[in-house]
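Q: kindly return the folded structure for what I paste below:
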Amino acid sequence: MATLDNPILNSPYRAPTRHWVLDDSGKPTGECVAERRRSEYIVAVATPKRKRGGQEEMVFDEDARSEPRANDRINAIRAEVDKWRAAPESSWGVTYETARLLKHWRDTSDRERPLFFCQVEAAETIIWLTEVASKAGSGHLGYFEEAGEAANPGLFRLAMKLATGAGKTTVMAMLIAWQAINKARRPQSKTFTDAFLLVAPGITIKDRLRVLLPETTNSIYERLSIVPRDMMDDLKKARIVITNFHAFQLKTKTEISKGTREVMRGRDDPEEFDARFRETEDEMVMRIARPLMGRRGIIVINDEAHHCYEAPPTAAQPVARSEEESQAEADAEAEASRKEARVWINGIRAVDRVLGVKVVYDLSATPFFLRGSGQEEGKLFPWVASDFSLMDAIEAGIVKVPRVPTHDDVVKRDEPIFRHVYKHVRDGLPRKGRRKGGTLSPGELPAQLEAALKALYRDYAARYGEWMAKGAETPPVFIVVANNTSTSKLIHDWIAGWCENPDEEDPAKRRWRAGNLPLFNNVEDGQPLNRRRTVLIDSHELDSGDAISDAFKSVASDEIEAFRRELRRTPGRDADALTDADLLREVMNTVGQNGKLGGPVRCVVSVSMLTEGWDANTVTHILGCRAFGTRLLCEQVVGRALRRVSYEPNDEGMFRPEYAEVLGVPFDFMPANSAKDFAPPKPRTRIFADEKRPAPEIRFPRVLGYRVQFPKGRLNSTFGDGSTMRLGADTPIPRETEIDPLVGAGNRLDLGELDAIRPQTIAYMLAKRALERWALMAENMGGEPLFLFPQFLAIARRWLSECLHLADGRTVGYLSLAGYRDEAVERIVRSCAKALDRAGKEEILPVLPPFDQEGSSRHVDMFTAKTTLLETDPAKCQVRRWRLQAGQYYVAAPAGQLPGDRQRPGLRARQGFLENRARRDGAPCKGNSSC
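A: Sure, this is the predicted structure:
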C-alpha cells in the first residue's frame, strides 16, 4: 500500500480536480490522476499490508473482492449539473431568487468561512432536478419516482450522500432557504413551499438542528451567511418543525396505573382498549406538527435517513450473523432496525395523509439499507441523487483520516490483534442478560483489551501534551464503544477508578481506588473529582428521549450527582429541574466546548455506540469493544472521529491533514451497493426455554478448571516443565502495531511504558497476587496471611530468573498486564501445589469464571436452520425444539427417546453438583440423563 505524506489533493471550496488511483481491491497505488473521482459502489479504507515478518495478507470475503462499479445515474446527473453550473446565468433556467442564492453560495471572496463545494453541489443537484430537469423532460425524475414508489409507495424521495463531517446541516439550511424565499415571493407557486418537517434519529441531533430555526440567536443562516441580508425577512416567514422519529409513536392519552390497565384490558377487547386510550394518527400529527396545520405540500427532511425505509414482510426472518455475534444478538439488532424503520416511515405517511407531503429529502453519510431491512445489507438507496464519499472528503481535507491497524509483530495471525479486539476478549467479558455469579472486578481486564487500552492511551498522552503545549482550550477526546452496560461499567472503572464499597451510605467511609490511565482518572488522593474527566454514557437510552433505566442510573449515579453539583455553581441554571437524562445529554452534547459542562471531558465510555450526528470535533482516538456485525456499523462508529478540529486553510487554500487513531473496529471495505440479488435466509427454528415449565429447570456450574486448597505451613515450590512461560512474537499481545490510513502518513503504537517496569516491581506484583489467591483459597486461615508475603516474594524472584523466557523484544514488564500476570501466578501456585502433593496435603476444588458462574436451561434461546426432530416432554425438560443433529444437544437428552441415548459431553461430570442442587432446592431433577 502506497505511503503518502499528504493525502489532501483538492481544495474543499472548489470542485475536485485530482484523485488517488485505487486498484480493484480498493488499495491506493500511489498514482494521482488529474480528474475527479467517479461515484462507485465501493468505498475503500485502510487494509492490512502484504506479507511481512511471517504475517499473511488479510483475506477478504466475496463482497469485498467485488470489482468497483460506477453509480451510472449519479455520475450522469453530476455531469449535467457541472455543465449547467458552467453555463451563463441567462441559461440557468431558474427563478431570480434561486439565481441570487446560487451566486451567493458560490462566492468565496467575502466569506469568513466559504461553503464547501460538496455542500453547494448537493443543493445544486436538488435545485437542478426541481427547476431545470422537470422542465426539460429529463428521465432522471421519472427514474426516482419509480424507485421511490417501489420502496416507499406514495412518497417521492431524493437522497444526498455526504461523508460524516461534510456539513449536512448546512445543506439542510440551503434547501430550506431556497424553498422558503421562493415561496415568500411566489405565494401561488406549487413548486415551492414554506412548511418543513425535520426528522432526526434522536434527541441529541434534534437539539443540534435548532440552529435551522431562523429566529434563534446565532442561527446557521447568519453564522455561515446562507442567505443575503435582504432575504432574511422572507426566510423568517417559513414554518419549521424539528422532531425525532420517536415522537411518531402513538402515545397514551390518559395516564392510568399498570394494575388498572391490566384489569381493564382483561374485561375489554385488547385492541379496542388500546384504541380507546391511545391517540389516533391525526392526533399524533397535530401533536408534532401543529405549527404546520393549514399548509399543504410539506417538505420532510430526514437526517441520518438510513433509518427510514419500507421493510417487506420477508425482513422478519432471522438474519445472517457475524463470527463474533450470537444469533440472538444479530436478530435483536435486525429487529431493532426494523422497528425504528417502521415507526419512522409510518410517521411520515401519517403526515402525508393529514397534511400532504410534497417531497422527502434524505441526508446521510451512509444511505444504505440496514440489516433486517429485507434488502441486501449495505445496498445504496436507489433514490440517491448526489454522492460525496469518504474518500472524496479525505482528498479534499474536509474530514480527519482514520488510521486502523494494518500490521503488528505477532506471528501466525491472519490480521493484527488490535484490529478487532472484541473477537479475542469476548469470552472474558460479562454478558448481558445472564445471571451474574460474582462481583465485577474492575482491577482485571482480558490481556488483549488491557494492552489495546494502554497502547492507544500512550498515543493519546502524546497528543494531549501537544495540544496543551499549543494552548488548546479543551483536551482531545478518547472514545470507548462497548457492547452492554456491564462491559462499559467494567472498562470505565478500570480506566477512571471506582468505589470499593458502593453500598456504604456514609460518603466519608467510602473507599475509592484510582484508575489505570492517569489523564482519565476520576479519583485523586483517595477521593472522587468534582469535575469528571471520564464519563459513562448509554447513548441509545439518551437518544430516545425517555427516562434512563434504573440499571444504568445505578452504575452512573456518582457521575450524575457530580455533574449536578457542578451545574449548581453555574449562575442561572436550575440543576434540580433537570432529569438525570437531561443532565447526561447536556454533558454529551457539550464535549469539546470550552466553558460548558462537558468541556473538561477527556474520555467517553459509551454503551452500544455514540449517537449519530454527535458532532464533537475533538475526538482523536476510538477503541471498539463490541461485535461489529455489519460494515455499516463500523463506518458509523468511525464517523464519530471524522470531524476536523481546525478549518483554517493554508496559503494555497488547502487544509492540513488531521488523523484519528482507531483500534478494535474492523473497518475494511464498505460496499455501497452490490450486483448480487438478495437471497432471504433459510427458515429457522427457535429453540427456547418455556417459561411455563419452571419445574424441570436444570442449573449447572460453568467450571473453567480446578484449583488447590492450601493448608497452613511454610511454602515450598517445585518448578518443572509446566512452570515455564515464554513471551515472544507468538503470544497474542503485539509489541508494536502499525496503523495506517488509506492514504497519508501512518503511525505506530507501542507498549513502551512496559519496558520501563523493573523486575523487582513485577516480583512484588506477582507475590501480592499470589498472596491474594492464597487468601481466597485457604479459607481455613481466617484472613489474609500477610506473614507469607516474603515467602511468595522469594518464590516469585526464583520463578522470574528460572522459568520466564523472553524473546522478540518482550520484557518482564509484560507481566504487568492482568492476563499475563495471572498466568504467571497460576504457574507459581501450581509449583507450590506440586510440593504439597508430595506431602499428601492437596485438596482439589473447582474454579468458576468471574461472570456467569452458574448456567441454566432457562437461558436457552437461539435459532437454527437445521432440522429439528423432537418435541420434549413438558414434565421432564424446560427446553422446547432443542435438537440440532444426532449427538449435538443443548442441555441434556431425555432417556430412551434419542438414537443411542447420547448426552452432551461432560454431563455426567456434573452429576454430583446437580444432585446436591436438587436436594437443596427440592427440585425433581436427579442430575442424570432422565432429566
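Q: please count neighbours and contacts with C-alpha atoms only from this point.
A: OK.
Q: what segments of the stretch 601-750 of the chain are strands?
A: For the stretch 601-750 of the chain, the strands defined by DSSP state E, counting those that start in this stretch occupy 603-607, 619-625, 659-663, 669-671, 685-689, 699-701, 705-708, 725-727, 736-740, 747-750.
Q: so which of the ones you listed is the most packed in?
A: Scoring the strands of the stretch 601-750 of the chain by mean neighbour count under mean count of other C-alpha atoms under 10 Å gives strand 619-625 as the most buried, with a mean of 27.
Q: got any ranges where the stretch 401-550 of the chain has weak pLDDT?
A: 412, 431-441, 539-550 (pLDDT under 70).
Q: tell me where it has helices.
A: Assigned by DSSP state H, counting those that start in this stretch, the helices in the stretch 401-550 of the chain fall at 421-425, 447-469, 485-496, 539-544, 550-555.
Q: what's the closest of the ones you listed to Thr217?
A: Taking C-alpha to C-alpha, helix 539-544 is the member of the helices of the stretch 401-550 of the chain nearest to Thr217, at 24.6 Å.
Q: so what's the residue count around Leu771?
A: 24 (other C-alpha atoms under 10 Å).
Q: that one - that's part of a helix, no?
A: Yes - with the criterion set as DSSP: H, G, I helix; E, B strand; the rest coil, the secondary structure at Leu771 is a helix.
Q: from what I can see it touches Phe789, true?
A: Yes - using C-alpha atoms under 8 Å, Leu771 is in contact with Phe789, at 6.4 Å.
Q: report the distance from the lengthiest helix in the chain to the chain centre.
A: With secondary structure taken from DSSP state H, the chain has its longest helix at helix 327-354. Taking C-alpha atoms, centre = their mean, to the nearest Å, the mean C-alpha location of helix 327-354 is offset from the chain mean by 19 Å.
Q: who touches whichever helix or strand comes after it?
A: With elements assigned by DSSP states H and E, the helix or strand that comes after helix 327-354 is strand 357-364. Here strand 357-364 makes contact (C-alpha atoms under 8 Å, 6 or more residues apart in numbering) with 155-163, 168, 296-306, 351.
Q: quick check: angle from strand 357-364 to helix 327-354?
A: Calculated by axes from the mean of the first three to the mean of the last three C-alpha atoms, to 10 degrees, strand 357-364 forms an angle of 150 degrees with helix 327-354.
Q: next SSE downstream of strand 357-364?
A: Per DSSP H and E, strand 357-364 leads on to strand 384-388 as the next helix or strand towards the C-terminus.
Q: so that following strand versus strand 357-364, what angle?
A: Using the same axes, to 10 degrees: strand 384-388 against strand 357-364 is 30 degrees.
Q: for the stretch 51-200 of the chain, what spans make up the helices?
A: 72-86, 96-106, 117-127, 134-136, 139-151, 168-185.
Q: would you mark the buried spots in the longest one?
A: Along helix 168-185, these residues count as buried under the neighbour rule (16 or more other C-alpha atoms under 10 Å): 168-184.
Q: what is that helix packed up against?
A: helix 96-106, helix 117-127, helix 220-223, helix 232-235 (3 or more C-alpha pairs under 8 Å, 6 or more residues apart in numbering; DSSP states H and E).
Q: which of those helices sits closest to Ala70?
A: helix 117-127 (18.3 Å).
Q: CA-only coordinates of that closest one in PDB, if you can.
A: Output in PDB follows, covering the C-alpha atoms of helix 117-127 (Å, rounded to 0.1, in the frame of the first residue of the first chain):
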ATOM      1  CA  PHE A 117     -18.000  22.600  -2.700                       C
ATOM      2  CA  CYS A 118     -19.800  19.400  -1.600                       C
ATOM      3  CA  GLN A 119     -22.400  21.300   0.200                       C
ATOM      4  CA  VAL A 120     -23.100  23.600  -2.700                       C
ATOM      5  CA  GLU A 121     -23.100  20.700  -5.100                       C
ATOM      6  CA  ALA A 122     -25.700  18.700  -3.100                       C
ATOM      7  CA  ALA A 123     -28.100  21.800  -3.000                       C
ATOM      8  CA  GLU A 124     -27.400  22.500  -6.700                       C
ATOM      9  CA  THR A 125     -28.300  18.900  -7.600                       C
ATOM     10  CA  ILE A 126     -31.700  19.200  -5.900                       C
ATOM     11  CA  ILE A 127     -32.300  22.600  -7.500                       C
END
